[in-house]
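Enquirer: Predicted structure and sequence below. I'll ask about it afterward.
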Amino acid sequence: MMTRRSFLSSISGAALTLGATTAEAARSDKWVLTDAQWKERLTPEQYRVLRTEGTERAGTSPLNDEKRQGTFHCVGCDLPLFTSEMKYDSGTGWPSFFTTLPGVFETKPDRLLLTVRTEYHCARCGGHHGHVFDDGPAPTGKRYCNNGVALKFVAAKS
Ligand SMILES: [Zn+2]
């Protein structure tokens, strides 16, 4: 007899496979690096967040207070993810955005906590960035709660 646990894991397994196929069709410029190559490219904290779905301590990112005009890039592969117009102060201690540049993230359910959260990762290098919640401001109602350590801010040229 199939237990509830194995039933659930077979569903999420199917969803993940489907997601990967769709994403591969959408992007042909995917990065495939080995763990050793990522460790060379990234600092230990960047590696922990991007490659092992870690979370930085709240309130530790200097990007919480970044208010200049510019673009937030993936620190793993330099893909532009958010503009400064998409950022808002959520009061959570993590850089927060109500939307993203188009097609830059893929999502999957994260069952680490008791409630299922939606994890999102860079569509190009697969790096984990954060979780998206439904308690954001208008017009989207979304809150992209992003680890600052996974982002690189590029100030707009004035
Ligand atoms: Zn990336």
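Expert: Great, that's in hand. Numbers count the residues shown, from 1 in each chain.
Enquirer: Assign the residue nearest the centre of the chain to helix, strand or coil.
Expert: For the chain, residue 129 is the residue whose C-alpha lies nearest the centre (Cα atoms, centre = their mean; 2.5 Å). Classification of residue 129 by DSSP: H, G, I helix; E, B strand; the rest coil places it in strand.
Enquirer: Residue numbering should commence at 127 henceforth.
Expert: Renumbered: residue one is now 127, and that last one reads residue 255.
Enquirer: what comes up buried for stretch 155-171?
Expert: 157, 164, 167, 168 (16 or more other Cβ atoms under 10 Å). The way it works is simple: take the backbone N, C-alpha and C, and place the C-beta from them, glycine included.
Enquirer: Next, the contact list for the residue nearest to the centre of the chain, please.
Expert: By Cβ atoms under 8 Å, 6 or more residues apart in numbering, the contact set of residue 255 is 176, 200, 207, 231, 246, 247, 248, 270, 272, 273, 276, 277.
Enquirer: among these, which two are most distant?
Expert: Spatial extent of the contacts of residue 255 (Cβ to Cβ) is set by the pair 176 and 270 at 15.4 Å.
Enquirer: Residue 239: neighbouring residues, count only.
Expert: A count of nearby residues for residue 239, using other Cβ atoms under 10 Å, gives 8.
Enquirer: ah, wrong one, I meant residue 248
Expert: Every residue meeting other Cβ under 10 Å relative to residue 248 is counted, giving 23.
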